[in-house]
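[1] compute the structure for the input listed below.
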Amino acid sequence: MRKIPSSSSGAPTTGNSRPRVCAVSFLNTVPLVWGMLHGAQRGRFELSFAVPSECADRLKEGAADIGIVPVVELARLDLEVIEGTGIACRGPARSVLLVSRKPMREIRTLAADTSSRTSVALARILLAERYSVLPELRPMAPRLARMLETADAAVLIGDPALHVDPERSPFEVWDLGAAWVELTGKPMVFAVWAGHRRLAPARLAPDFTASCRFGQERLDEIVRAESARRRLAPELVRDYLTRNVVLELGQNEYEGLKLFLEQAAALEAGFAGRTDRR
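    Coordinates of the predicted model:
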C-alpha cells in the first residue's frame, strides 16, 4: 500500500526547505518522533504538533508536507504513505475507548471526539457489526462528563482516554482496538505517516524508522519525561507504550488497514443510502 489517490492536492515544500512534518500531540506519537527531537534526525524536519484531525487538515490545506494521518482520511487526500511506522494495536489499544451510560444495544446518540475521525469510524463499524445500531453522531470536545450529558455514549482517544480508568469507571467502557482485533483477527492501524506525492516522501522512510527505533531504545527517558508532563502514572505510560501501542508496521498491519478502509467505505455507503431513502 503506497499511494491512495483522491481529488485533493496540497502545496509541498519546494527548494531546499526542510519538510514540514505535523505529528500528533498525544503520548502514542512520542517514540515515533524522539529521534527527530533528540537523535540523528534532529534538524532534518520542521516539526509541529496537533491532534490527529488537525494533522490531516494541515496536509489538505498545504500547511504541512508530511503528517501522521488518521487512516480514514487516506481516501480523500492525495498522499503517499511512508511505510514502516505508524500507530496500531494488536489487542487492547487502551487509548481508544467507547464509554457508554447505556447498554450498547440501546445507544442512539454518540458524542464523537473532534480530535478523532478514524476512531469514530471504528466505533460505528463495531456498533453496527456487534449490536446492529448506527447512532447519530454529535461532534464534541473530549470532555467525558459533558459528552455523556448530551449523548448516550462517547468516543475518547489519546491522552483524554488514558485519564479514564476502565476498571473504576461507573460506565461501560469498550476498548475499540481489542474489539476490532476480536472481530477481524487483524491488527487495527489508526494512523500512518504520509505526505504529498510531489515530495516523494517514501524516500524518507529510513529517517522515520530510525527516529522510531531511537525512541523505542530510550523508553526510560520517555517515561520519565512524559509521565510528568502529561500527569500520568509512570507505570501506565510504560505499559501503554510497550503492551498496547504498535509502532513498527508489517504485512499483517497493512492487511488490517486495508480491511478497515473497506469496511469504513461500505458503512459510509450504506449510511448514505439509508439517508437517501428517507
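
[2] can you show me the strands along the protein?
    Along the chain, the stretches classed as strands by DSSP state E are 3-4, 20-24, 46-50, 66-70, 79-89, 96-100, 109-113, 136-140, 153-157, 172-175, 188-196, 246-248.

[3] want to try JSON lines for these, with mean neighbour count as columns?
    To be clear about C-beta, it is placed using only N, CA and C from the backbone, and glycine gets the same treatment. JSON lines is the format used below for the strands of the chain (neighbours: other Cβ atoms under 10 Å):
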{"stretch": "strand 3-4", "mean neighbour count": "15"}
{"stretch": "strand 20-24", "mean neighbour count": "24"}
{"stretch": "strand 46-50", "mean neighbour count": "17"}
{"stretch": "strand 66-70", "mean neighbour count": "28"}
{"stretch": "strand 79-89", "mean neighbour count": "24"}
{"stretch": "strand 96-100", "mean neighbour count": "25"}
{"stretch": "strand 109-113", "mean neighbour count": "24"}
{"stretch": "strand 136-140", "mean neighbour count": "14"}
{"stretch": "strand 153-157", "mean neighbour count": "28"}
{"stretch": "strand 172-175", "mean neighbour count": "18"}
{"stretch": "strand 188-196", "mean neighbour count": "28"}
{"stretch": "strand 246-248", "mean neighbour count": "19"}
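
[4] surely Ser53 meets Thr114?
    Yes. Assessed by Cβ atoms under 8 Å, Ser53 is found in contact with Thr114 at 6.6 Å.

[5] looking at the two, which one has more neighbours?
    Ser53 (21 against 14; other Cβ atoms under 10 Å).

[6] and the gap between that one and Ile157?
    For Ser53, the distance to Ile157 equals 10 Å [Cβ to Cβ, to the nearest Å].

[7] what of Val237?
    Applying Cβ to Cβ to Val237 and Ile157 gives a distance of 16 Å.

[8] list the contacts of stretch 25-32.
    Applying Cβ atoms under 8 Å, 6 or more residues apart in numbering, the external contacts of stretch 25-32 come out as 23, 49-52, 68, 85, 87, 95, 157-159, 162, 193, 208, 211-212, 215-216, 219, 222, 226, 230, 232, 237, 240-241, 245, 247.

[9] again, but for stretch 222-233
    27, 30-31, 34, 159, 162-163, 215, 234, 236-238, 241.

[10] let's see 6 Å
    The contact list for stretch 222-233, computed with Cβ atoms under 6 Å, 6 or more residues apart in numbering, reads 27, 30, 159, 162, 234, 237-238.

[11] model confidence score at the residue nearest to Ala128 when sequence neighbours are not counted, please.
    Among residues not flanking Ala128 along the chain, Leu134 sits closest, at 5.5 Å (Cβ to Cβ, 6 or more residues apart in numbering). For Leu134, the pLDDT comes out at 93.
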